[in-house]
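Engineer: I need the structure of the sequence given here:
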Amino acid sequence: MQKGKASTPHIGIYGRRNNGKSSLINELAGQDIAIVSDHPGTTTDPVKKSFEITSFGPVILIDTAGIDDTGELGQKRIAKSKASIKTIDLGILVIIQNQFGDYERAVIETFNKTATPFFIIHNKSDIEELSQALSLELQERYQCKILSHSTHKGGNAEAIIETIKRTIPESAFSSPSLVGDLISYGDIVLLITPIDIEAPEGRMILPQVQAIRDILDNDAVCIVLKEREVDAFLKKTQIKPALAITDSQIFTKADASIPRNIPLTSFSIILARYKGDFESYMRGTPKIGNLKNHDRILLLESCTHHVSCDDIGRVKIPRWITAFTGKEHQYEVVAGLNELPRPITDYALVIQCGGCMITRKQLINRIQPAIDAGIPVTNYGMAIAYVQGIYKRAVAPFTKQLDSSDDYL
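Structural biologist: Numbering: from 1, shown residues only. You can find the predicted model right below:
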């Protein structure tokens, strides 16, 4: 399946100032897309650059500031560079003149902490060749590939590309199907898509488009309706869909309209299984019922968007949860991949959106600190279904393939 831009493999390049990171990017891209200068610190903040690596395909390459930057501002730049490792699928550490010390070890420690595969390039080998002793030491210690290269001589670009191909995880460029294991050839899938104040004018939201494409890729039939057309359509046509997928915001309406013998779920929930830690969501969702008065709840959005007066994350979900628990809670919303305003342990619950605009790696790393700290995590659609009393039905299409015990439901 073709992946959208947000799901294109992300590759981050790290190293000290003036190690030739930007020159390496330009060589891989075959064009001048990064500013090159002999002055150390030319690249300040992490910058995403989209291009196609010859014989490999489209990638998003992250050019970062030097990991040896100095001063108060430099330390902030280093922190941003390290933080970007949470968003990448593959890391490349660039060293020169056989320099390998605490800066490099700190980066590799972050690679390992985020389960990010990486390899090392000894650049500017026309000035000083890679020491065989250092090469053997690093290979033994970190079990990674080490390449000798010179952008000045145009030396080893093909070997670098081959190493990228071998090292980057397959999950970075090949995606499972959203619903392919739930439907068969020729099945009819009903998509219920409200057109309200939050719907973008003249187009559909990305999860709806992704679902349509996935259904067609699986040789099934897709029928798209607004919620007020569902009852009349089913009565008039007598069609029995193999699956119905609704916008989470109208779960109760869809639940009433779709017969009980037709599986029903939401766009957000299929994305939760596709990209998120679904089993952690299954364990965390019922914890909504344990919330106490004045508990702090974190809502994570994967993108920034225009906020409407009836915004799903800022208005609707807080309203529904408060009505369900009968208690007062404190809600905080963090958009994009921005830093949290407080320690994760300050929250009683984390609710992650579907994540249609970010990669699975980015989403998993976003919620992992909460999971590690034992904070319950859930997903927009699963939380909505739970507080509206239709959680079991909404996750039933997937629990048959997991563990349908009452521990989850």
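
Engineer: which residues touch stretch 336-349?
Structural biologist: 83, 86-87, 284, 287-288, 291-292, 295-298, 301-304, 332, 334, 350, 358, 362, 366, 369-370, 373, 375-378 (Cβ atoms under 8 Å, 6 or more residues apart in numbering). From N, CA and C alone the C-beta is placed, and that goes for glycine too.

Engineer: The stretch 1-150 of the chain: helices as residue ranges?
Structural biologist: Taking DSSP state H, counting those that start in this stretch as the criterion, the stretch 1-150 of the chain carries its helices at 21-29, 71-83, 102-113, 132-142.

Engineer: For S257, which non-adjacent residue is closest in space?
Structural biologist: What sits nearest to S257 in space, not counting adjacent residues and going by Cβ to Cβ, 6 or more residues apart in numbering, is V230, at 4.3 Å.

Engineer: Any buried residues in the helix or strand where that neighbour lies, and which?
Structural biologist: Using DSSP states H and E, V230 sits in helix 230-237. By neighbour count, and taking 16 or more other Cβ atoms under 10 Å as the criterion, the buried residues in helix 230-237 are V230, L234.

Engineer: Give me the sheet partners of the helix or strand following that helix and which way each runs.
Structural biologist: The element immediately downstream of helix 230-237 (helix or strand, assigned by DSSP H and E) is strand 243-246. Next to strand 243-246 in the sheet, as set by DSSP bridges, lie strand 188-192 (parallel), strand 264-266 (parallel).

Engineer: thought the residue nearest to S257 was touching I192?
Structural biologist: Yes - A contact is recorded between V230 and I192 when judged using Cβ atoms under 8 Å, the distance being 6.0 Å.

Engineer: Strands along the protein, start to end?
Structural biologist: Secondary structure of the chain (DSSP state E): strands located at 10-15, 47-53, 57-63, 90-96, 118-123, 146-148, 188-192, 221-225, 243-246, 264-266, 296-300, 330-334, 349-352, 377-379.

Engineer: so which of the ones you listed gets nearest K392?
Structural biologist: Of all the strands of the chain, the one in closest proximity to K392, counting by Cβ to Cβ, is strand 264-266 (10.9 Å).

Engineer: Tell me where the stretch 101-250 of the chain is predicted with low confidence.
Structural biologist: Low-confidence segments of the stretch 101-250 of the chain, defined by pLDDT under 70, are located at 153-155, 173-175, 196-202.

Engineer: if we can go back for a sec, in TSV, list the strands of the chain along with mean neighbour count.
Structural biologist: Listed next are these as TSV, based on neighbours: other Cβ atoms under 10 Å:
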stretch	mean neighbour count
strand 10-15	26
strand 47-53	15
strand 57-63	20
strand 90-96	24
strand 118-123	24
strand 146-148	18
strand 188-192	22
strand 221-225	16
strand 243-246	26
strand 264-266	27
strand 296-300	21
strand 330-334	16
strand 349-352	27
strand 377-379	28
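
Engineer: Just put those strands in TSV and tack on distance to R393.
Structural biologist: Rendered in TSV, the data for the strands of the chain read as follows (distance: least, Cβ to Cβ, whole Å):
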stretch	distance to R393
strand 10-15	36
strand 47-53	40
strand 57-63	38
strand 90-96	40
strand 118-123	43
strand 146-148	53
strand 188-192	14
strand 221-225	19
strand 243-246	11
strand 264-266	6
strand 296-300	24
strand 330-334	26
strand 349-352	20
strand 377-379	16
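
Engineer: contacting residues for the nearest residue to R273 once chain neighbours are set aside?
Structural biologist: Nearest-residue entry for R273: F398, 5.5 Å, with adjacent residues in sequence omitted and distances by Cβ to Cβ, 6+ apart. Taking Cβ under 8 Å, 6+ apart as the criterion, F398 is in contact with T265, I269, R273, F278.

Engineer: T64 versus F398, what's the distance?
Structural biologist: The span separating F398 from T64 equals 38 Å under the rule Cβ to Cβ, to the nearest Å.

Engineer: Next: N338.
Structural biologist: The separation that N338 has from T64, given Cβ to Cβ, amounts to 18 Å.

Engineer: When the two are compared, which one has more neighbours?
Structural biologist: T64 (26 against 10; other Cβ atoms under 10 Å).

Engineer: and that one, how far is that from L337?
Structural biologist: Distance from T64 to L337, counting by Cβ to Cβ: 15 Å.

Engineer: Then I121?
Structural biologist: Plainly put, I121 is 26 Å away from L337 if you go by Cβ to Cβ.

Engineer: Equivalent analysis for I168, please.
Structural biologist: Using Cβ to Cβ, one gets 20 Å for the distance from I168 to L337.

Engineer: How about I127, nearest residue that isn't a chain neighbour?
Structural biologist: Nearest-residue entry for I127: Q97, 6.8 Å, with adjacent residues in sequence omitted and distances by Cβ to Cβ, 6+ apart.

Engineer: For ChimeraX, write a command that selects the buried ones of the contacts of stretch 336-349.
Structural biologist: The following ChimeraX command selects only the buried members of the contacts of stretch 336-349, with burial defined by 16+ other Cβ under 10 Å:
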select :86,87,284,288,291,295,297,298,301,302,334,350,358,362,366,369,370,375,376,377,378
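
Engineer: tally of neighbours for I168?
Structural biologist: Using other Cβ under 10 Å, I168 has 20 other residues around it.

Engineer: correct me, but V47 touches I60?
Structural biologist: No - counting by Cβ under 8 Å, V47 does not reach I60; the two are 10.5 Å apart.

Engineer: Please read off the pLDDT at E72 from the model.
Structural biologist: The score at E72 is 86. That number is its pLDDT.

Engineer: With the one 4 residues further on instead?
Structural biologist: On the pLDDT scale, K76 is placed at 87.

Engineer: And the buried ones among the contacts of F398, selectable in ChimeraX?
Structural biologist: To isolate the buried subset of these in ChimeraX, counting by 16+ other Cβ under 10 Å, use the following:
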select :265,269,273,278
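
Engineer: min pLDDT across the contacts of F398, which one?
Structural biologist: Across those, no position has a lower pLDDT than R273, which has 90.
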